[in-house]
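Peer 1: Coordinates for the following, if possible.
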Amino acid sequence: MPFNLQMTVKEMALDERPREKMLAKGEKSLSNAELLAILLRTGTKHKNAIELANYIINKDLQGLRYLQDMTIEELCEIDGIGLSKATMIKAALELGIRVASVKPKTYKVKNPWDIYKYYMDSLRYQKKEVFKVVLLNTKNEIISDIDVSIGTLNSSLVHPREVFREAIKRSTNKIILMHNHPSGSIEPSKEDKNITSRLIKCGEIIGIEVIDHIIIGDGLYFSFKENMII
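Peer 2: Numbering: from 1, shown residues only. From the prediction side, this is the model:
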């Protein structure tokens, strides 16, 4: 049955309904709007649940990132969203963030993608820049990570003393620098490059190798090593 904007979800063919589609093909077969429609359950007089979900996701052309930033009060201002639906949406988003933040006990880093995959969900939606140092053992497994600076990066905030202190205490001989760009862009700034160069030189003096600096954006990353800046 061809999709008709005027039909309700119940009037759609069984294999087009979000819940039935999930049961038949799995949750990965659903679009973002279809997943949200399952939470909404119902639409409005003029929009079915899928149309309402599409409207919410594409409001102001911001996508899912915008949905994450919306408050319960802002969600309730949308026609068709009451307190019950708004709290359910926020609960589902927070649960997804918490699931993504659960890390394995041991995690080996073989390439920049591994670091990006490990930290992407915890950094991509941050509203401020967070500069982290990832400590690795001799097997290239993550020992720990330290938040060195929160806010706009500059060389006075990202001080070598704070960057290498924990690495020295843990007898780590290699680290990875990492920070996010709240704008979503992954293009390194002049200050990003200056900080990296300064920390590499400091690491050489104390015998701790800076093996990469990774910038995390919105679904993308930039590796100084892959781009031969390190």
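Peer 1: How far off centre is the least confident helix or strand in the chain by mean pLDDT?
Peer 2: Across the helices and strands of the chain, mean confidence by mean pLDDT, DSSP states H and E is lowest for helix 63-69: a mean of 74. Helix 63-69 sits 11 Å away from the centroid of its parent chain (C-alpha atoms, centre = their mean, to the nearest Å).
Peer 1: And that helix, what does it pack against?
Peer 2: Contact partners of helix 63-69 among helices and strands, from 3 or more C-beta pairs under 8 Å, 6 or more residues apart in numbering; DSSP states H and E: helix 49-57, helix 83-101. Any C-beta I mention is one placed from the backbone N, CA and C, and that applies to glycine too.
Peer 1: Put together CSV for these, with mean pLDDT, mean neighbour count and distance to residue 228 on each row.
Peer 2: As requested, the helices and strands packed on helix 63-69 are arranged in CSV below (pLDDT from 0 to 100; neighbours: other C-beta atoms under 10 Å; distance: least, C-beta to C-beta, whole Å):
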stretch, mean pLDDT, mean neighbour count, distance to residue 228
helix 49-57, 90, 21, 38
helix 83-101, 87, 13, 31
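Peer 1: now those helices as TSV including distance to residue 31?
Peer 2: Shown next, in TSV, are the helices and strands packed on helix 63-69 (distance: least, C-beta to C-beta, whole Å):
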stretch	distance to residue 31
helix 49-57	9
helix 83-101	16
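Peer 1: Any idea which of those helices gets closest to residue 13?
Peer 2: Evaluated over the helices and strands packed on helix 63-69, closeness to residue 13 peaks at helix 49-57, with 13.0 Å, by C-beta to C-beta.
Peer 1: could you give the angle of that closest one to helix 83-101?
Peer 2: 70 degrees (axes from the mean of the first three to the mean of the last three C-alpha atoms, to 10 degrees).
Peer 1: which parts of the least confident helix or strand of the chain are buried?
Peer 2: Neighbour counts over helix 63-69 (16 or more other C-beta atoms under 10 Å) mark 67-68 as buried.
Peer 1: which residues touch that helix?
Peer 2: Helix 63-69 is contacted from outside by 32, 56-57, 59-60, 62, 89, 93, 125, 127, 184, 218, using C-beta atoms under 8 Å, 6 or more residues apart in numbering.
Peer 1: What's the local residue count around the closest residue to residue 110 other than its chain neighbours?
Peer 2: Leaving aside its chain neighbours, residue 110 sits nearest to residue 140 (7.0 Å; criterion: C-beta to C-beta, 6 or more residues apart in numbering). Residue 140 has 14 neighbours, counted by other C-beta atoms under 10 Å.
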